[in-house]
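[1] Just a sequence and a predicted model for now, questions to come.
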Amino acid sequence: MDHTPRTSPSLTVEVAQEVQAESREVIARGLREFNGHHLGQYEWTGLDVYVRDADGHVVGGLVGDVALGWFSIHALWVMEGLRGSGLGTEILNAAEIAAIESGCRAAILDTLSFQAPAFYEKRGYVRVGVVDDYRGGVQRIFMQKRLHT
């Protein structure tokens, strides 16, 4: 597939493999404005949880955002030596409480079959979709959970 930039008299299509924060913000803002015509005005904010060791290094956490009453979890990670200690549950609980306080009624995420579907299911998440053979037989599993106030 050709990934070279294409040009027309007034447009240039550029493929970037490094994050351009300003460009991403323009795209996200444009999508929010478009969605606002259909869904009304809404805020889209980050909701992250960071776990740091005594030296201030991140050893776990969660990356997510909140919009339209939904909490989207993009990543939850715990350093290998700390896994199985309950820290993942603590991170998820803190994030869900913050999401509820932000007005969220539900959470959504996706995980891979070798990652943590059982972890999320034990915490009330249910499968709502699966992509089979995501790569090498791995499944990409989409999950949601109703958050209780």
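    Right, received. Where do you want to start?

[2] what's the span of stretch 65-82, first residue to last?
    25 Å (C-alpha to C-alpha, to the nearest Å).

[3] which residues does residue 132 contact?
    By C-beta atoms under 8 Å, 6 or more residues apart in numbering, residue 132 lies in contact with residue 139. Bear in mind the C-beta positions are built from the backbone N, C-alpha and C, glycine included.

[4] Tell me the pLDDT of it.
    Note for residue 132: predicted pLDDT of 94.

[5] so residue 99 sits in a helix?
    Yes. According to DSSP: H, G, I helix; E, B strand; the rest coil, residue 99 belongs to a helix.

[6] Which residue comes closest to it once chain neighbours are left out?
    For residue 99, ignoring the flanking residues on the chain, the nearest one in space by C-beta to C-beta, 6 or more residues apart in numbering is residue 71 at 3.6 Å.

[7] Give me the number of neighbouring residues for residue 82.
    14 (other C-beta atoms under 10 Å).
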